[in-house]
Every structure is written in structure tokens, then in C-alpha cells.
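J.: below is the sequence, then the predicted model.
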Amino acid sequence: MNYNFFTKNKNTTPQNQPIPGREAEMIKGRSGGYMFDAGIWKMLRRCLLIGTAKSTYYAGKNELTEDFANVVTQAVAENPGRVAEEILYASDGRAINNSAPILALVLLSMGETPEAKKAFGEIFPQVVRTGSHFYEWLNYTKSLRGFGKVIREAGKNWLSREDVKGLAYQLLKYQQRQGFTHRDALRLFHVNPPTENHRQLFEWVVKGWEDLPADIPSDALAQIWWYEWLKRNPSETHTAISQGRLTHEMTAPVGKMDQQAWNLLFQEMPIGAMLRNLGSLTQLEVLRADETANLRRVEAVLNNQEHLRKGRIHPIDVLKALKTYQSGGSLGRSKKTWKPVSRIVDILEKAVELSFEVVEPTGKVFMHAVDISGSMGSLVADMGLSCCEIATTMALVTAKAETNYEIRGFSTKFKDLEITAKDSFSSAVRKASNQNFGGTDACVAYDWMIKNKFKADVVCFWTDSESWAGNKHPSQALKEYRKKVNPDVKAVYVTLTPYQISLVDPQDPLSWDLGGFDPGIPRIIQMLANDDL
């Protein structure tokens, strides 16, 4: 006879089943476990911050992108203004790149209500900031919807903006991308030049300059003039860079590039370009251990929090640069090789920390539970970094801002990763990335803390939220921990994949679900710990 009616633990439920009485609030994850439904708004933020252009362990990129598009469409129908706010939030340096916000922008323009069209028009110039963004938007628009009235208005306004000098910079720097040229765009949108400077700029875009004007036409067109001058005088590359303030995208296709040319470019190089070209600059010996002046400039730019923020430099971009640079060229797309300069490695280590937002130590006790299960070994977008490596970095940033913490890894066991705040990000990533194995059971963190009577004020989970291997749900394990160790403990689950699942019980006022790789998450966790939110 089956005595389950008598022996079954009524307080716990295996993770491959929904919690009795809560079935309507739960959905089955791709791993087979049941989690709470995160809802469309949490899903929207995750997709915007993380992107869906790369397959995860449990889902392909086409499936993820289709889910993203469906969520955006639902959200636009419900509240287009809120969708616009979420797109702006992600696009302002918080998403790992701007592709997902641009895709969502196109989907917003497809909303059926006047409010959706209006919201699209209002945020367009804040999301589509560069020529590269503009081409990407054109590509997505062509693929999804075509060029109706609202699109033509946005494109026309972007190409006839008042800041002609800034527009000329974008048109020169990004002359073609994704199957489009600016000549295509001008013809597509039938832009009438509002000023004489616009007219001359558009004439250059469409026809080029057969004859170089004897004098620079205006300050707005100065870079265009120097670019055309360099085409006719490629041996004078150094002069064109110095006097025309040309970037490497403008110079390299038409000039004669040598070490001195790159050294001149380096002196004015924007922060994003510098971060991407550290390896090349080292290979060219522009950056060397004995070139102290250039190393001081790298430090002044990359170790300045204000520069990082204004340049919208995402922490994951810095982490990627660190990993690529340390590899000496064996990682990343570059075919060049170089011997890393130790001081640049130190500068990048510091830049990772500075690119996150943190506040003063709270004095609280933190337990950081990093998901090291097999699914966390999958790569994120085009970062060349695994989900586990990024989770470890974010946990370490939060730990470095505090004095009382523990960092452990969970799969179906809960193990010491031997990571401390004294670890560099490189060493911490190495320690965690060699651990990916097994199934996922977030409950093992609570079980260990109960067994060891570890009294945490805040428990932070860094995970893809696909917990499936346990004989109880994380929300049930948390209740047990509160009953036996600390009734006031707060739980924060940082979900690092664009899935519509959550380990947070929506009825628990002391649990939070945070999405994606938002640089502000460490600061938010500290504020939650202090009851400042």
C-alpha cells in the first residue's frame, strides 16, 4: 500500500512539479523544472539588457529572439510609453550592446496605436546615436516592416539634424554598414538640406568631391575636407591626422599607416576605440612598458569613472577586453599577436571594478551563490565570455565593496570557490570557469547555510534561474532558512539569461528578481540591504 498521504512532506515539492495551489503562477522551464512566471515586463528588461542574438544552453537564438519579439509586441499593446522607458534605460550603457534596444525600437514603431508611434519618435534620436546604429536600424526596419510615414519622418530628422559637424563625423566614420550606404539613406528618405552646410555635406555623400576645394568650406565640413585631402596625399597621413583630427576608421582606408600614424591616432582616440585596440597598439609598440606617457594616457582614460560612464562603456566590454588582451591575441577576432604589458592588465582590472556602480560598505553579511552548473558554461552574445564568468565578476564586484561576505558555487552541491576580494577578476574568473558541471539546485545554498548556521543578511544568487534538480523549490528552502536561522534574510536572484522564469516567490516581500548584466546591480543590492529602496 502507498502511504504517501501520511509520509509525504507537505512543506516541500520536487522542482519538476509546480507547488500545489500555485500552479497558475508557475511555468515549466526549458530544463524541466517549474519556476514562477516572471511576466512580460521582467522578461522585456532581461532581453533588452542581455540580448537574444546568441544561443544559450537551453535555447537557440532564433527561439529566444522570437520570444523577445512576442514580449515586446505584448508590452507595446499594453503600455507603449513604459516600453519606450525600458528601451532608453537599456540603451544608456546598461545593455551589453545596443542591438536589442534597436530591435525593440523597430517593434515599438510597429505598434498600432498613436501612442506607440509617438513614443517611437520621441526616443529615436536617444537610441540611434551613431551612424552604425542608424544602419542597424535601417536593416531591422527593412526586414520587419518597411518604410512608412513614421519611419521616413524619423530618418529624415536624423539626417537633417541641427548639429551638422556631428552629422558629418558620423557620415564620414561609418560610410556603409549592413548593406546600406548613406547615399541609399538620403535617397530613401528624400531629405531636403535645411542649410548650406547640409547641402554641401549631402552633395559629398552622393557625388563625392571630384575637385578638392582650395579652402576648407566650413568648420562643420573640416574633417570631410581633410579626408579628401588625404585621399589625394596618402603620404601625408601624419599631417591629416594631426590637423584634421581624423579617426582610424577615416584614416586607415586611404592613408599610409605606420607606427607614428597610430601613435598620433592614439593621442585623440575615444575610450571605446582605445579599449578595442589595446592589443593592436601593443603589437605596433605604441603601447610598451617603457612608453610611460602613453601608459599614463591609458590609465587616465580607462581608470576614470566619469569617462567610462560618458562613453557608455559596459563592464562586460571591459572584462572582454581584459580577457582578450591577456591572451596576447589567441582570443577574439584579431589575427595579431602581442606580449601583454603588465601595467595595462592592471589598468583593465581596475577599470572592470570602476565600471560598476557601488556605494559605501553596508556592514551587512552577504552570501554570494554563483551558479556553476553545466548550463552556465554557455557563451553570452559576442562577448567571448561564459555566463559563469560574468556571474563571478559581478559577484566579486559586490564583494569587493563590502567587508563581510562569502562566495560559493552551486550546482547540485555547494562548494567553496576560494574567491576573496583580494582576487583579481582574472583569477576569480579562472577559479569559477573550471567548475562548470552537473545539474542545478539552488536549494543547496540554503541547505548549507542551515547546516552551518551561517547567518546572512542578504543571499545573492547569480544564475540562469533554471533550477530543476532538487526535491524542494528554492522559495520553500528559503522559508526553512528563515525559520531556522534568520527570519529577516533578504534574497536577491540575478537572472543572467533572457528566459521568462523566476525563482522569486511573488508573494515574498523580501525577495527580488534583478535582470541581466546591468552595471547598477551591485549598487541596487547594497541599497536593498540597507532598506534604501
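T.: Looks like it arrived, so ask away.
J.: going forward, measure contacts and count neighbours with C-alpha atoms only.
T.: Fine.
J.: which residues does residue 367 contact?
T.: Counting by C-alpha atoms under 8 Å, 6 or more residues apart in numbering, residue 367 touches 405-408, 456, 458-460.
J.: try residue 96
T.: By C-alpha under 8 Å, 6+ apart, the contact list for residue 96 reads 49-51, 314, 316-317, 517.
J.: buried subset of these?
T.: Among the contacts of residue 96, those classed as buried by 16 or more other C-alpha atoms under 10 Å are 49-51, 314, 316-317, 517.
J.: name the next helix or strand downstream of the helix or strand hosting residue 140, please.
T.: Here residue 140 sits within helix 131-144, counting by DSSP states H and E. Using DSSP H and E, the helix or strand that directly follows helix 131-144 along the chain is helix 149-159.
J.: now the following helix or strand past that following helix: average pLDDT?
T.: Per DSSP H and E, the first helix or strand lying C-terminal to helix 149-159 is helix 164-173. When pLDDT is averaged along helix 164-173, the result is 96.
J.: go on, stretch 421-437?
T.: Averaged over stretch 421-437, pLDDT sits at 84.
J.: now swap in stretch 66-80 and tell me
T.: 97.
J.: list the contacts of that stretch.
T.: 40-41, 43-44, 47, 52, 83, 104, 107-108, 111-113, 115-116, 119.
J.: helix, strand, or coil at residue 408?
T.: At residue 408, secondary structure determined by DSSP: H, G, I helix; E, B strand; the rest coil is strand.
J.: pretty sure it sits against residue 431.
T.: No: the pair residue 408 / residue 431 is not scored as a contact, 11.0 Å apart, by C-alpha atoms under 8 Å.
J.: what's the single longest helix in the chain?
T.: When the chain is parsed with DSSP state H, its longest helix is helix 61-78.
J.: residue ranges in the protein under the pLDDT threshold?
T.: Along the chain, the model assigns pLDDT under 70 to residues 1-10, 381-383, 436-437.
J.: helix/strand/coil for the residue nearest the centre of the chain?
T.: Among the residues of the chain, the one closest to the centroid is residue 96, at 1.3 Å (C-alpha atoms, centre = their mean). Assigned with three-state DSSP, residue 96 falls in the coil class.
J.: so how far is residue 518 from it?
T.: 8 Å (C-alpha to C-alpha, to the nearest Å).
J.: tell me the contacts of residue 98?
T.: With C-alpha under 8 Å, 6+ apart, residue 98 has these contacts: 90-91, 127, 133.
J.: and stretch 443-450, C-alpha only, in PDB?
T.: Provided in PDB are the C-alpha atoms of stretch 443-450 (Å, rounded to 0.1, in the frame of the first residue of the first chain):
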ATOM      1  CA  CYS A 443      18.300  25.000  -2.600                       C
ATOM      2  CA  VAL A 444      21.800  23.600  -1.800                       C
ATOM      3  CA  ALA A 445      22.800  27.100  -0.800                       C
ATOM      4  CA  TYR A 446      20.100  27.300   1.800                       C
ATOM      5  CA  ASP A 447      20.800  23.700   3.000                       C
ATOM      6  CA  TRP A 448      24.400  24.500   3.500                       C
ATOM      7  CA  MET A 449      23.700  27.700   5.400                       C
ATOM      8  CA  ILE A 450      21.100  25.900   7.600                       C
END
